[in-house]
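Chemist: Mind looking at a prediction? Sequence and model below.
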Amino acid sequence: MSVEPYKVLALKYRPSQFSELVGQDTLVKTLRNSFLSNRVGHAFLLHGDRGVGKTSTARLIAKALNCSEKKDGDAEPCNSCSNCKSIQIGRHVDVIEMDGASKTGVNDIREIIETVVYRAASAKFKVYIIDEVHMLSNSAFNALLKTLEEPPEHVKFIFATTEIKKIPFTILSRVSRFDLRRVESDVLTNHLLAILQSEGLSAEKEALKTISREAAGSVRDALSILDQVLVNCEKKIEIQMVNELLGKISKSNILSLLELIIKGNTKEALKRSRDFINGNTSASLLLQELLECLHFVSVSSLMDIDLTGDNYSLEEKKLAEKLYSTTDIIILTSLWQILFKGIDELRVSPEPITSLEMLLIRACHMSILPSPDTLIKSVLDNGSDRTMRIYNLDRKSSLKTTEKGEIIQDHTSEIENTQMDRSVESSDSSAVKEILDIFPGATVKK
């Protein structure tokens with residue numbers, strides 16, 4: 001008894017009709033109207049990121065063009081005739097699929113030019129699908145121009161690319177261009193849920209949300225992750241299993257780490273980060289998670305449900321509310337700058353974990369600086385930048401300061417005080433500028 005080979009979800013649930021394309025409503029509407037009005041162009045260019053459905057859309061167009069049992073007034077292919085079945089699996093003799101990454105030369109294009117004059121063997125149209133078309137050489141593009149502009153009536157061209165800027169304008173002017181969007185997280189989550197229901201499985205909603213966020217709008221990536229998760233789950237997909245597989249950390253734990261950073265609790269922040277890394281998390285992934293949660297907290301401070309979305313649980317939203325209600329937005333934006341610049345530091349560092357810890361120390365130190373309003377007010381009221389100078393001298397001791405607005409008292413000698421007072425007028429502007437450099441976005445209130 002033969003056992004049917006396992007088919008991955010990305011292939012098993014590949015769209016067989018236009019209505020099954022996920023998150024591409026505008027594209028579907030345009031293609032349907034083109035077929036219903038019998039105004040189908042001779043060349044298409046499908047542009048979009050990986051896994052959004054470019055190849056699937058190309059095969060759907062080929063099926064709709066060559067379906068032998070399609071009824072009048074219907075744009076969808078029947079999926080039951082021999083043409084539809086063979087095109088769906090990529091084995092139709094008149095639908096030629098070519099990889100532009102491996103066949104980039106003018107000789108490869110010459111083969112197409114020499115065969116376009118012959119009519120289709122068993123279908124109405126001969127369809128040429130060139131994937132990664134941006135990889136073709138300039139000579140190959142030039143050789144294709146004349147044929148692409150005035151092809152025989154029985155020939156259609158469909159190009160797919162992820163790099164639209166590499167396509168010559170002479171090609172773009174000869175094709176109908178369609179831009180496929182990245183699929184929104186909630187749409188992708190619902191799509192995964194529908195697939196699991198078809199498979200007779202269930203999942204925690206947070207687990208599917210995590211998979212959707214990790215896929216970054218790519219349906220194929222989401223289904224590949226889901227395949228991996230299903231290997232380790234029996235009947236129900238749990239968030240813990242997904243986090244372990246992806247090396248992710250729960251958002252609530254990241255928000256707790258962010259709270260330690262904002263409070264300037266360097267010791268506990270480093271301990272917590274080491275615990276995460278000792279799990280299954282890399283330094284770069286932890287930094288990415290911190291940036292995502294920092295963005296979430298900053299956007300949550302605007303208190304608009306449409307901006308925050310539905311990607312976070314009620315508990316996580318409450319943690320975010322606690323953070324933004326006790327933290328100046330200037331501190332949040334300054335933390336973002338420090339952590340964002342750390343991406344390049346980790347990329348070139350031979351010891352990413354060490355670089356991450358130094359980055360966290362810097363972030364904790366910045367978060368306990370006196371607030372920009374307090375510093376600027378002190379400079380303007382006192383008529384000198386004495387406070388800022390003293391802060392620079394006693395910077396080390398400020399790490400132990402718990403109150404953000406605390407101004408470090410003067411511990412300098414009388415001689416130093418006299419020297420400071422002599423440069424009052426000339427130093428005011430430089431002190432304010434220094435404060436504004438430390439806190440981007442801060443303003444001087446007149």
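Modeler: Perfect, I can see it now. Here the structure is a predicted model, which is why all the values come from computation and not from measurement.

Chemist: Test my guess that residue 76 contacts residue 64.
Modeler: Yes. Contact criterion Cβ atoms under 8 Å: residue 76 and residue 64 qualify, at 7.3 Å. Every residue, glycine included, has its C-beta placed from N, CA and C.

Chemist: list the residues that contact both of those two?
Modeler: 18, 70 (Cβ atoms under 8 Å, 6 or more residues apart in numbering).

Chemist: The two: which has the busier surroundings?
Modeler: Higher neighbour count among residue 76 and residue 64: residue 64, with 23 against 18, using other Cβ atoms under 10 Å.

Chemist: Name the nearest residue to that one, ignoring sequence neighbours.
Modeler: Distance criterion Cβ to Cβ, 6 or more residues apart in numbering; nearest residue to residue 64, sequence neighbours excluded, is residue 77 at 5.1 Å.

Chemist: Pull the contacting residues for that neighbour.
Modeler: 16, 17, 60, 63, 64, 67, 70, 84.

Chemist: quick one: the first one is in a strand?
Modeler: No. When the secondary structure is assigned by DSSP: H, G, I helix; E, B strand; the rest coil, residue 16 falls in coil instead of a strand.

Chemist: Could you measure from residue 122 over to residue 55?
Modeler: 22 Å (Cβ to Cβ, to the nearest Å).

Chemist: And these two? Which one has more around it.
Modeler: Using other Cβ under 10 Å as the criterion, residue 122 and residue 55 rank with residue 55 on top: 17 against 12.

Chemist: was I right about the more buried one contacting residue 132?
Modeler: No. Assessed by Cβ under 8 Å, residue 55 is found out of contact with residue 132, at 10.2 Å.

Chemist: For residue 362, see how far away residue 337 is.
Modeler: In terms of Cβ to Cβ, residue 337 sits 11 Å off from residue 362.

Chemist: Check residue 108 too.
Modeler: 53 Å.

Chemist: Equivalent analysis for residue 185, please.
Modeler: 32 Å.

Chemist: Looking at the two now, which is surrounded by more residues?
Modeler: Shown here are residue 185 and residue 362; by other Cβ under 10 Å, residue 185 has more neighbours (20 against 16).

Chemist: give me every residue that touches that one.
Modeler: Counting by Cβ under 8 Å, 6+ apart, residue 185 has contacts 209, 212, 213, 217, 309, 311.

Chemist: Excluding chain neighbours, what is closest to it?
Modeler: In space, residue 185 is closest to residue 212, 4.6 Å off (Cβ to Cβ, 6+ apart).

Chemist: Most neighbours among the contacts of residue 185, please name it.
Modeler: residue 212 (27 neighbours).

Chemist: mind checking which helix or strand that one is in?
Modeler: helix 205-215 (DSSP states H and E).

Chemist: How about the backbone phi and psi for residue 53?
Modeler: phi 120, psi 30 (degrees, to the nearest 10).

Chemist: residues in contact with it?
Modeler: 15, 21, 22, 24, 180, 219.

Chemist: now residue 242
Modeler: Here residue 242 is in contact with 207, 210, 211, 229, 248 (criterion: Cβ under 8 Å, 6+ apart).

Chemist: The first one: neighbouring residues, count only.
Modeler: When neighbours are defined as other Cβ under 10 Å, residue 207 has 22 of them.

Chemist: Cross-check the contact I'm expecting between it and residue 238.
Modeler: Yes. Using Cβ under 8 Å, residue 207 is in contact with residue 238, at 6.0 Å.
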